[in-house]
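K.L.:
predicted structure and sequence below. I'll ask about it afterward.
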Amino acid sequence: MLEQLISTPRKVEVNTVELAAPPAMVWNYLRHGDLAALPFVRALFALRTLPSRLLGHPSEAPGLRIDELRSTPAHPGFQLLGEEHCREFTVGAIGKVWQLDIPFVHVAGPVPYADFAEPGWIKVAWAIRMEPLGEASTRLVFEVRVDATDEPSWALFTRYWHVIGPGSHFIRHAILADLRRRFGDPDAHEEEHRLPGDELLSDAGGQLTQAVTIEAAPAAIWPRLVQMGCRRAGFYAIDALDNGGVPSAREIHPEFQRLAVGEIIPATPDGTDGFEVLAIEPNRALILGGLFDVDAGRQLRFEDPRPARYWQVTWAFVLERVDPSTTRLHVRARAAFSQAERLHLAWIRPVHLLMERSQLEHLAARAEGRLARDTLRDVAAGLAGTAIMTLAWLTPFLRPARSHWGLSREEASQTRPGDDLVPEPRWSWTHAVTVDASPERVWPWIAQIGADRGGFYSYQWLENLAGCNLRNAESIHPSMAHTAGDQLLLHPKVPPLEVVAIDPGRSLVAFARPDEAARCEGRPWAAASWSFLVEPLGTGRCRVVSRFRSACSDDVATRLAQGPLLLEPVGFAMDRRMLLGIRDRVLAETRSGTAVR
């Protein structure tokens, strides 16, 4: 409804709250009750109308009943502009809100409101929407939109909003907080619902249930649940505590999507104990569990007899479809334990609450695409990369040694594919890293290199600071693999290199062609080749080589722009990190035992 009233707002503010009541109950209270019943809200409304009352204009006791909001030619103001029973209602007005005694203009309904364009006015509309969360809960959305009919009015409103905005925010938060107190929080009632997996541990002595509403379909959330686990995609909680400090995956990893009942999902970076897969219902429920012998310090099969001292747990993830694009994710942990373990329960309970809340928040952010592109880890790595660049720039006399980082001078001088494209380079580098894996394991990572593909596995934060707008891939995406004739994009505003030759599993050569006409006419020109090579080093080992060769015209400007003085320190740091990034990704596959072949 707001979209029909103000389709291109200059200001949008949205607040939400989840309530433990069905939409019909919430609707009846909001649609027919007094939203300004709270004393401090009434006080703020009274303060706003004080100038009008001081001028002698009559003013009724402040209130906010939707039933009483009417606009007429004689008394223009806020009015109900649309409603859908038990779903949404919308209120709006057109006025000069920055004036002490606000003048309003009357419009006869939603269509004249949307069409109104007379200069000098502000259009304000707000809506309350009720979205069902299952059968007994509601998510309430309070959205405000503001627009102006001309630029001077918007400038006046902006200054006005600096003063009145905090009060507006306070009123909305106060109303939503009062609704939560009145109807309750759905999370407080989560323990009352029966969930899949409860039957597996009928004598549980402890239970904790939490939930989150995610703006995504169950099918978009399910793959992230299936790939959980140490040495897999992590648990999306606090990685320093439950994943050995390894960041949880941001992508969906195809290699972790195969899961079967009876498998053990690793719970620690090392060791074999973990969570046994007890039941799988795709896009609906994943039930994990475990039986642990405390005295022996080992895990048993879930169905084995309980030892004298034991912990037996279930961990259920249940997806409840709210609507085609919204899901309620319920997570329940249940535990049965021997009498001697009650003290253990006292401290593990608050830890689990903290970790589970973190897990739900991070899962929702991933499924909704709200994760920040660069993390603090990316920033820290980028700062380290900047230090390497600075040191390289301050030590030009070490450039010859840096030019063959990772291999000997003799190895670097060997002829390699792509050399003929720039036969007499003005400067070059040949960097390399040794990987304890076969070329077949390494090649897919090289094949998807590019700013618009898998990234460069280097200092992502620095790349994005320069405007590359990329995210380094965590897994292999076959659809991103280069073929001959493709473009290798370095930066959205830099002409791409052409992939001129590719030998799958062995080499990829990209080329920035010179302007031959300019070269013939004596005008500035530049050319560069960048080759990626995988060289076998015997059984189960190979070397990844990155070779860059550059040539250009002799004019000073081109030599500065394309020469080693500025480019070599950056190139060394970024290229070195890229090679290490490839190696680390391949080795991570090896540790997880799920390499894509």
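P.N.:
Thanks, I have the structure now.

K.L.:
what ranges do the strands span in the stretch 201-350 of the chain?
P.N.:
For the stretch 201-350 of the chain, the strands defined by DSSP state E, counting those that start in this stretch cover 206-214, 264-266, 274-281, 285-293, 298-300, 310-323, 326-337.

K.L.:
note down every partner strand of the fourth one and its orientation.
P.N.:
Spelled out, it's strand 285-293. When pairing is defined by DSSP bridges, strand 285-293 lines up against strand 274-281 (antiparallel), strand 298-300 (antiparallel), strand 310-323 (antiparallel).

K.L.:
run through who's touching the first one.
P.N.:
Read it as strand 274-281. The contact list for strand 274-281, computed with C-beta atoms under 8 Å, 6 or more residues apart in numbering, reads 196-197, 200, 229-230, 259-268, 285-290, 299, 301-302, 314-315. Quick note: C-beta positions are derived from backbone N, CA and C, even for glycine.

K.L.:
just the buried members of these?
P.N.:
Among the contacts of strand 274-281, those classed as buried by 16 or more other C-beta atoms under 10 Å are 196-197, 200, 229-230, 259, 264-267, 285-290, 299, 302, 314-315.

K.L.:
for the stretch 251-400 of the chain, give me the ranges with low pLDDT.
P.N.:
By pLDDT under 70, the stretch 251-400 of the chain has no low-scoring segment.

K.L.:
mind naming the longest helix for this structure?
P.N.:
For the chain, the longest helix by residue count, based on DSSP state H, is helix 151-183.

K.L.:
list the buried residues of it.
P.N.:
By neighbour count with 16+ other C-beta under 10 Å, helix 151-183 contains the buried residues Ser153, Leu156, Phe157, Trp161, Ile171, Arg172, Ala174, Ile175, Leu176, Leu179, Arg180, Phe183.

K.L.:
what is the nearest of these to Leu343?
P.N.:
Arg180 (34.6 Å; C-beta to C-beta).

K.L.:
wait, the closest one touches Ala21, no?
P.N.:
No: if you go by C-beta atoms under 8 Å, Arg180 and Ala21 don't touch, sitting 10.4 Å apart.

K.L.:
what pLDDT is listed against Leu54?
P.N.:
Model confidence at Leu54, given as pLDDT, is 55.

K.L.:
nope, Ile171 is what I meant
P.N.:
pLDDT recorded at Ile171 is 81.

K.L.:
so for Leu64, what's the pLDDT?
P.N.:
Note on Leu64: pLDDT of 69.

K.L.:
try Thr415
P.N.:
If you check Thr415, the pLDDT there is 96.

K.L.:
which residues does it contact?
P.N.:
By C-beta under 8 Å, 6+ apart, no residues touch Thr415.

K.L.:
pull out the buried positions in stretch 207-223.
P.N.:
Under the neighbour-count criterion of 16+ other C-beta under 10 Å, stretch 207-223 has 208-214, 216-218, 220-223 buried.

K.L.:
check stretch 23-31 too.
P.N.:
Along stretch 23-31, these residues count as buried under the neighbour rule (16+ other C-beta under 10 Å): Pro23, Met25, Val26, Trp27, Leu30, Arg31.

K.L.:
could you dump those residues into CSV and include secondary structure, pLDDT and distance to Arg145?
P.N.:
Listed next are the buried residues of stretch 23-31 as CSV, based on DSSP: H, G, I helix; E, B strand; the rest coil; pLDDT from 0 to 100; distance: C-beta to C-beta, whole Å:
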residue, secondary structure, pLDDT, distance to Arg145
Pro23, helix, 92, 22
Met25, helix, 93, 27
Val26, helix, 93, 22
Trp27, helix, 92, 21
Leu30, helix, 89, 19
Arg31, helix, 88, 20
